[in-house]
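Participant: Kindly return the folded structure for what I paste below:
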Amino acid sequence: MPHNYNDVLPYVTAYTSIIAGGFAHTAVDTVKQYRTSQGQRFTALGDLLMWIHVKQAPIIAGTVLLWIGFVGLILLQGADWGAAFFVGYSIDSFADLYWFEPGSMLS
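Facilitator: Numbers count the residues shown, from 1 in each chain. A predicted model of the protein is given here:
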């Protein structure tokens, strides 16, 4: 049975907003780290690929947490893009603070 485009659009917008919130938090952390590291510079391709390889467990766990946040948002509040953005930002912040610290099982 075909779905109406207007029925699906709020969910796609909310999902995109959650992902954007997670990326926004990562961008803010990257800018903070760039400002505090005087002698070390991040070279785009080489260091990025190594960083992804080293941090693959936290990246996967963060992605799963964003999916859980999306499902929780839809079940509890509905498809609100503004709330979804802040859910994504908050989940990424929470994960960085409590689970992805050096020495934790996911870092």
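
Participant: secondary structure element for Ile91?
Facilitator: Secondary structure from DSSP states H and E places Ile91 in helix 81-98.

Participant: pLDDT weak spots in this protein?
Facilitator: Low-confidence segments of the chain, defined by pLDDT under 70: 1-3, 38-46, 99-107.

Participant: After the biggest helix by length in it, which helix or strand is next?
Facilitator: The helix spanning the most residues in the chain, taking DSSP state H as the definition, is helix 5-36. Using DSSP H and E, the next helix or strand after helix 5-36 towards the C-terminus is helix 44-54.

Participant: Just the CA atoms of that next one, as CSV, please.
Facilitator: Presented in CSV, the C-alpha positions along helix 44-54 are these (Å, rounded to 0.1, in the frame of the first residue of the first chain):
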residue,chain,number,x,y,z
ALA,A,44,42.6,16.4,6.6
LEU,A,45,42.8,13.0,4.9
GLY,A,46,45.6,11.1,6.6
ASP,A,47,44.7,12.0,10.2
LEU,A,48,41.0,11.7,9.5
LEU,A,49,41.2,8.1,8.2
MET,A,50,43.5,7.1,11.2
TRP,A,51,41.1,8.8,13.6
ILE,A,52,38.1,6.9,12.1
HIS,A,53,40.0,3.6,12.4
VAL,A,54,41.0,4.2,16.0
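
Participant: Name the residues of that helix that are buried.
Facilitator: For helix 44-54, a neighbour-count test (16 or more other C-beta atoms under 10 Å) marks nothing as buried. All C-beta atoms are positioned from the backbone trio N, CA, C, and that covers glycine.

Participant: what's in contact with the next helix or strand after it?
Facilitator: Using DSSP H and E, the next helix or strand after helix 44-54 towards the C-terminus is helix 56-76. The contact list for helix 56-76, computed with C-beta atoms under 8 Å, 6 or more residues apart in numbering, reads 11, 14-15, 18-19, 22, 52, 79-80, 83-84, 87-88, 91-92, 95, 99-100, 106-107.
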